[in-house]
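[1] Any chance you can model this:
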Amino acid sequence: MSESVDVVIVGSGPVGSTFARVIGDARPGCRILVVEAGPRVPGVPGLHTQTMPPEDLASAQLLTQGPQSGIDQSGLRETGEAASLDPVLDQDQLVRPGLFLLGKGAKVEGEFGMAAASMSSGVGGMGIHWSGSSPRPNGTERIPFIPADELDQAYDTADRLLSVGRDLAGGDDLLRRMRSALAAEFDGDAPDASPVIMTPLAAVVDEDGTRVSGPSVILGDLAERVPGFELRAGTLARRVLIEGGTVHGVELESRATGEIYQVRSSEVVVAADALRTPQLLFASGVRPRALGHYINDHLKMTGMAVLPDAFAADDRVPAPVRPIGVVLIPFSSRVREIQGQVHPAARSIWFSGADFAGLAFYGAKELQFSDCVVFSESERDSFGMPAMTIHYTLTDRDRATIDLLESSATRAVAALDGELKSLVFAPGGSSLHYQGSTRMGAADDGESVCDSYGRVWNVHGLTVGGNNVIPTATAANPTITSVALAVRAAQKLAERLGEPEREAEPV
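    Predicted coordinates:
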């Protein structure tokens, strides 16, 4: 190994960027190498596509599509079948611009599967494409074995890193009346029901308008302040090098030249998404019982409603100065284990219109050990890594949750005196909120892969981060939770980097 650093971070999305930022802030003298399998995209590293000029947006989408790189997917639309839990799908229609499907192995015959399971491969990861929705989880969505005050502090830091605003509406009358109408419908579901609020959004607001934040906002000026920081694009992590239960470095491959080389490091963080993180652990020989198991994806129902005049708006106000807001019907333990978001088009940064609203309702999936992503010993994917197969089924409880999604969305539209024009139950994988595949636990009991700081059981120096570490059944958008957990894990890792060298003991 001719190259040596203090920590290697695999993945440049919101979570990988958070590890780099927190460690760099705490230990500015550290050498931090972030590797990203995908290419650089226009603009500063990790810039959200929504902030790019149209020509740069189109270029970024073409670049981040992995094996579909360079193929224009802008005319393709997501599809779903509300009438069937096992739809016959045209996979081409599930592709979103800038992403690529897992494809083969995403859906096993006879199972619900995750036919829409998608990934992004480029600097910033999925964080340059996401919506910015950042609600904190409630009740049973929260992780019970992390002290509440510690978790809340981590959420506060995550909010600052992502520039999360609690209410971007700015006192807008339309949003206030819409929230009040939905609160009158849903707040009475139970005495302790989680109240209807405005969705916290990760966004930068200034005189130029509202822009979704992401990895570029998290990283900030880290590259200028930390001389040892490097973001190396087009670099695939093939395996983590482990001897005697201790990390010694990583084996990397240049995607441009095919060169395979090693970098020495005593700390490695894998934050490569909920499918490729367990894949890299498997390729590295790290295969605890729970690896890849308990994978879950939010049950998803989307729709569109026409709004009456009372909730329509004058859409002639220029978009950069238009009030922005999404009304949130939160998850509420034992009351409604779903989350609903109502997006009035007249107050959206994503689309425009005066008299309609988009609906996005998510349900908590019942967790099962049998829901899993497994990896092949012999077959390889387009990156040359172990091929994946997902086993994923719905339970009776899940079917009841799907019914609740439909009835809740219908209630929301009725509360606004709107007209429901479409409501679709989406194929598995559509939410892009895959979780649990390297879940954390309170103890090494075979039901988890890592501890509450993301430290992989029995491998000193190996940390995992991302939606994949979330161990609970949730309906809330998971990114802010993953960033908060990364904050907490990175602080612990930075402490270790500041300690004098000593004989390492596996976690």
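[2] Which helix or strand contains residue 375?
    Per DSSP states H and E: residue 375 is located in strand 372-380.
[3] actually residue 278, sorry about that
    Using DSSP H and E, residue 278 maps to helix 276-283.
[4] For the residue nearest to residue 246 when sequence neighbours are not counted, report the pLDDT, please.
    Leaving out its chain neighbours, the residue that sits closest to residue 246 by Cβ to Cβ, 6 or more residues apart in numbering is residue 460, at 4.6 Å. (C-beta placed from N, C-alpha, C; glycine too.) pLDDT recorded at residue 460 is 98.
[5] what about residue 460, how many neighbours?
    By other Cβ atoms under 10 Å, 19 other residues sit near residue 460.
[6] circling back: for the next helix or strand after the strand holding residue 375, which strands pair with it and how are they oriented?
    Once strand 372-380 ends, the next helix or strand along the chain (criterion: DSSP H and E) is strand 386-391. The pairing partners recorded for strand 386-391 under DSSP bridges are strand 372-380 (antiparallel).
[7] Could you give the bridge partners of residue 198?
    residue 327.
[8] which ones are touching it?
    Residues in contact with residue 198 (Cβ atoms under 8 Å, 6 or more residues apart in numbering) are 166-169, 175, 179, 325-328.
[9] which of these lies closest to residue 131?
    Checking the contacts of residue 198 against residue 131 with Cβ to Cβ, the nearest one is residue 326 at 8.8 Å.
[10] Would you mind listing the residues in contact with the closest one?
    133, 198-199, 201, 341-344, 347-348.
[11] picking that back up, neighbouring contacts of the strand holding residue 375?
    Residues contacting strand 372-380 (Cβ under 8 Å, 6+ apart): 275, 278-279, 282-283, 292-295, 386-392, 437.
[12] Pull out the buried residues from it.
    For strand 372-380, burial by neighbour count (16 or more other Cβ atoms under 10 Å) applies to 372-375.
[13] about what we covered before: how about TSV for the contacts of residue 198, with pLDDT and distance to residue 140 added?
    Output for the contacts of residue 198, formatted as TSV (pLDDT from 0 to 100; distance: Cβ to Cβ, whole Å):
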residue	pLDDT	distance to residue 140
166	76	23
167	70	26
168	62	28
169	62	29
175	90	29
179	94	24
325	89	27
326	93	23
327	95	23
328	97	18
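[14] if we can go back for a sec, how far is the strand holding residue 375 from where the chain is centred?
    Centre-to-centre, strand 372-380 and its host chain are 23 Å apart (Cα atoms, centre = their mean, to the nearest Å).
[15] Tell me the first helix or strand C-terminal of the least confident helix or strand in the chain by mean pLDDT.
    Ranked by mean pLDDT, DSSP states H and E, the weakest helix or strand in the chain is strand 209-212, scoring a mean of 84. Using DSSP H and E, the helix or strand that directly follows strand 209-212 along the chain is helix 215-219.
[16] who does the following helix or strand past that following helix touch, helix- and strand-wise?
    Downstream of helix 215-219, the next assigned helix or strand under DSSP H and E is helix 222-225. Using 3 or more Cβ pairs under 8 Å, 6 or more residues apart in numbering; DSSP states H and E, the elements in contact with helix 222-225 are helix 14-26, strand 229-232.
[17] Which positions in helix 222-225 come out as buried?
    For helix 222-225, the neighbour count (16+ other Cβ under 10 Å) marks residue 222 as buried.
[18] ok, the nearest residue to residue 30 once chain neighbours are set aside - contacts?
    Spatially, and ignoring its direct neighbours in sequence, residue 30 is nearest to residue 6 (4.4 Å; Cβ to Cβ, 6+ apart). Taking Cβ under 8 Å, 6+ apart, we find residue 6 in contact with 27, 30-32, 228, 265-267, 497.
[19] right, and out of the residues you listed, which lies closest to residue 305?
    Closest to residue 305, out of all of the contacts of residue 6 and judged by Cβ to Cβ, is residue 32, at 46.9 Å.
[20] doesn't residue 229 make contact with that closest one?
    Yes: if you go by Cβ atoms under 8 Å, residue 32 and residue 229 touch, sitting 4.8 Å apart.
[21] overlap in contacts of the two?
    Each of 20, 24 lies in contact with both residue 32 and residue 229 under the rule Cβ under 8 Å, 6+ apart.
[22] So for these two, which residue has more residues nearby?
    A direct count of neighbours by other Cβ under 10 Å for residue 32 and residue 229 places residue 32 higher, at 26 against 21.
[23] before we move on, back to that, pull out the buried residues from the helix holding residue 278.
    If you call a residue buried by 16+ other Cβ under 10 Å, then helix 276-283 has these buried ones: 276-283.
[24] quick check: mean pLDDT across it?
    The average of the pLDDT scores along helix 276-283 is 98.
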